[in-house]
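[1] can't give you the sequence, but here's the structure:
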């Protein structure tokens, strides 16, 4: 029970900080899940993140997966609701006011101000996840090739993830 | 088409089903699927309205498409609509992700599966790097904004400060600096 309460508190707090979605909160998620509460290893965390990437749906799904890993079905529900509810209530309330304020200079100033912060957060997430997944030079090579293929080509991300998993299963990586 | 003259009026069930299809299909990013469902399939919004709603949803904390579901549900059917749209979006992905997790649990000890996950995680990291580069492109040549992004990066990735401290400080600092210097 106390684990579920902790899950709700951890994810509920991150919900209102998730400007730019799940990718912004990954470092804090990792710190809480791997560091503070020691629910799993760093590498396991990175594997769950990748697994959530390979699944359909919003990228917040990584939270559902972590909840499941920590405390089964109850953990899934608590983590998912915990991360979705606070921001959803805020969005619901704000959506009524948004169109009143959309042309106000202060609103545009805040939006412009949040952009570099979100970019810095996603870059930090990428750096910390990469530090966790780069177990050797071959894993690092997979990361570099995947980044290049996703960035420069129009291949479907699932193809990249599936291809990497196949290389790993074949014993070429890992 | 004749429907385009009458304003869209989706029911709670329509909202649930519409976002359900987005959740099921949304491999590798839900945004293109949400766009297709809302604009092309159902004509719930005009493209200009969609851009505006999306801008709002990116502005708010939380998943962008989760917020789109909330905002559209609220717009057409109030609280029941918002709940139905969000549930529709989330239910299938949550079930699928748990099934994947169960597979991981069951077979993680097999060497080939363990290696597959090492490579999968590495590729996932690569995807995130590509995402970071893509969203950073609008900062090209804007040195002040690049500096603010860099400062956020250092605070989180190098100094490992908690987001609850970094987010408010950097949001205020960035807004004031960019506003003051019109950069």
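    Ah, there it is. None of these values were measured; they are calculated from a predicted model.
[2] gap between the residue nearest the centre of chain B and residue B:151?
    Centrality entry for chain B: nearest residue to the mean C-alpha point is residue B:64, 3.5 Å, by C-alpha atoms, centre = their mean. As judged by C-beta to C-beta, to the nearest Å, residue B:64 and residue B:151 stand 24 Å apart. The way it works is simple: take the backbone N, C-alpha and C, and place the C-beta from them, glycine included.
[3] can you check residue B:173 too?
    Residue B:173 is 8 Å from residue B:151, where distance means C-beta to C-beta.
[4] same thing with residue B:95?
    Between residue B:95 and residue B:151 the computed distance is 40 Å (C-beta to C-beta).
[5] out of the two, which sits in the busier spot?
    Comparing residue B:95 with residue B:151 by other C-beta atoms under 10 Å in any protein chain shown, the one with more neighbours is residue B:151, at 18 against 15.
[6] these two touch, right, the more buried one and residue B:177?
    No - taking C-beta atoms under 8 Å as the definition, residue B:151 is not a contact partner of residue B:177, at 10.0 Å.
[7] shaky segments in chain A?
    Residues of chain A meeting the criterion pLDDT under 70: A:1, A:174.
[8] which residues of chain B fall in helices?
    Along chain B, counting by DSSP state H, helices occupy B:12-25, B:31-35, B:47-59, B:64-107, B:111-136, B:143-153, B:163-181.
[9] Okay, and the nearest residue to residue A:29 once chain neighbours are set aside sits in which element?
    Distances taken as C-beta to C-beta, 6 or more residues apart in numbering or on different chains put residue A:14 closest to residue A:29, at 6.6 Å, once the chain neighbours are dropped. Per DSSP states H and E: residue A:14 is located in helix A:2-15.
[10] helices and strands around that helix, which ones?
    helix A:22-30, helix A:61-101 (3 or more C-beta pairs under 8 Å, 6 or more residues apart in numbering or on different chains; DSSP states H and E).
[11] Show me how far the helix or strand just after the last one is from its chain's centre.
    Tracing the chain past helix A:61-101, the next element assigned as helix or strand by DSSP H and E is helix A:105-133. Helix A:105-133 has its C-alpha centroid displaced from the chain centroid by 13 Å (C-alpha atoms, centre = their mean, to the nearest Å).
[12] Burial check on residue A:102, number of neighbours?
    Other residues lying near residue A:102 total 14 when counted by other C-beta under 10 Å.
[13] now residue B:109
    Neighbours around residue B:109, by other C-beta under 10 Å: 8.
[14] for residue A:19, same thing?
    Under the neighbour criterion other C-beta under 10 Å, residue A:19 is assigned a count of 21.
[15] again with residue A:41
    As a burial measure, residue A:41 scores 12 neighbours (other C-beta under 10 Å).
[16] Quick check on it: phi, psi?
    phi -80, psi 160 (degrees, to the nearest 10).
[17] Noted, bye for now.
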